[in-house]
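[1] pasting the sequence and the predicted model now:
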Amino acid sequence: MTEMIPIHALAHARSGDKGNRQNISVIPYDPTHWDHLVTHVTEPSVRELFGHRGVSKVTRFLLPGLPAMNFVLDDALEGGVNSSLALDTHGKSASFLLLGLLIPPAENPADT
């Protein structure tokens, strides 16, 4: 079995919010890892990762001309900043959760 690696070995992330919707962008450190990340960081894998937050839908947007992807998570913030009792009502730390998602390593181990 292949040992899995966390996304943060290949990319960094940023997160933001609007109401009860959250977005998280994933940007590879090296653009050569773009295709690998697109293959393995999918809407279903992100929805499963955030299932405990009550996420109802995940939409992935691939940004043309830029090696980055943006995930929009519906119903991710327990009602939004003004309604939630969560410690991180804006969901700023959610990007760290996504960066911990395990994926297979890139084909060339020297690339990770």
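    On my side now, so go ahead.

[2] what helix or strand is the residue positioned nearest the centre of the chain on?
    When CA atoms, centre = their mean is applied to the chain, the residue found nearest the centroid is Leu98 (4.2 Å). Using DSSP states H and E, Leu98 sits within helix 94-99.

[3] helices and strands around that helix, which ones?
    Applying 3 or more CB pairs under 8 Å, 6 or more residues apart in numbering; DSSP states H and E, one finds that helix 94-99 contacts strand 11-18, strand 21-28, helix 43-49. No exception for glycine: its C-beta is placed from N, CA and C like everyone else's.

[4] got the buried residues for the helix-or-strand element of the chain with minimal mean pLDDT?
    Within the chain, no helix or strand scores below helix 94-99, which has a mean of 83 by mean pLDDT, DSSP states H and E. Residues 94-95, 97-99 are the ones in helix 94-99 that count as buried (16 or more other CB atoms under 10 Å).

[5] surely His33 touches Leu10?
    Yes: taking contacts as CB atoms under 8 Å, His33 lies within contact range of Leu10: 4.6 Å.

[6] which one of those two is surrounded by more residues?
    Leu10 (25 against 18; other CB atoms under 10 Å).

[7] show me what contacts that one?
    If a contact means CB atoms under 8 Å, 6 or more residues apart in numbering, then Leu10 has 28-30, 33, 36-37, 106, 112 as its contacts.

[8] kindly report the same for Gln22.
    So Gln22 contacts 15-16, 72-73, 76-77, 91, 94 (CB under 8 Å, 6+ apart).

[9] wait, which of those residues is closest to Thr2?
    Proximity of those to Thr2 (CB to CB) peaks at Ala94, which lies at 26.9 Å.

[10] which stretches of the chain have low pLDDT?
    Judged by pLDDT under 70, the chain has its weakly predicted residues at 1, 78-93, 108-112.

[11] before we move on, back to that, parallel or antiparallel, which strands does the helix or strand just after the least confident helix or strand of the chain pair with?
    Moving toward the C-terminus from helix 94-99, the next helix or strand (DSSP H and E) is strand 102-103. When pairs are called by DSSP bridges, strand 102-103 turns out to pair with strand 5-6 (antiparallel).
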